[in-house]
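> Fold the following and give me the result.
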Amino acid sequence: MERKRLPISRCPSCNYQFDSATALENPDAKPKPGDLSICLNCGEWLTFADDLTVRLLESKEFQALPHHIRKRLDFGRTLIRRQPWFGTLGRKDKK
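Reported below is the predicted structural model:
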């Protein structure tokens, strides 16, 4: 899978900084405004803004998603939050 370079962005929840994204199903896909993402540091659900930075996915937006998409987001968040590095990416004091 090839990472797609993006403008530098920060997760609004944990402040994790990133500048790339990887599509799980289509390696050639590039994010576009409105696409969904998950913060690799904290598992927060995100959506791409018009400038391809991210913002938090609002509860009403989440609820409006098809059931199978909500399940995938839940699964992704669970996987991230079970990792030993959960919440420590980008920290200088991580052990």
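
> What ranges does this structure have for its helices?
Using DSSP state H, the helices found in the chain span residues 59-64, 67-81.

> Tell me which of the ones you listed sits nearest to residue 5.
Closest to residue 5 of the helices of the chain is helix 67-81 (CB to CB; 21.5 Å). In this view, the C-beta of every residue, glycine as well, is placed from N, C-alpha and C.

> Now that closest one: buried residues?
By 16 or more other CB atoms under 10 Å, the buried positions in helix 67-81 come out as 73, 76, 77, 80.

> I'd like the residues you listed laid out as JSON lines, including distance to residue 40 and pLDDT.
Converted to JSON lines, the buried residues of helix 67-81 look like this (distance: CB to CB, whole Å; pLDDT from 0 to 100):
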{"residue": "73", "distance to residue 40": "14", "pLDDT": "95"}
{"residue": "76", "distance to residue 40": "10", "pLDDT": "93"}
{"residue": "77", "distance to residue 40": "11", "pLDDT": "95"}
{"residue": "80", "distance to residue 40": "6", "pLDDT": "93"}
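
> Dump the residues you listed to JSON lines, plus distance to residue 41.
Output for the buried residues of helix 67-81, formatted as JSON lines (distance: CB to CB, whole Å):
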{"residue": "73", "distance to residue 41": "16"}
{"residue": "76", "distance to residue 41": "13"}
{"residue": "77", "distance to residue 41": "12"}
{"residue": "80", "distance to residue 41": "8"}
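
> what sits against the residue nearest the centre of the chain?
Centrality entry for the chain: nearest residue to the mean C-alpha point is residue 38, 2.2 Å, by CA atoms, centre = their mean. Residues near residue 38 by CB atoms under 8 Å, 6 or more residues apart in numbering: 44, 45, 46, 73, 76, 77, 80.
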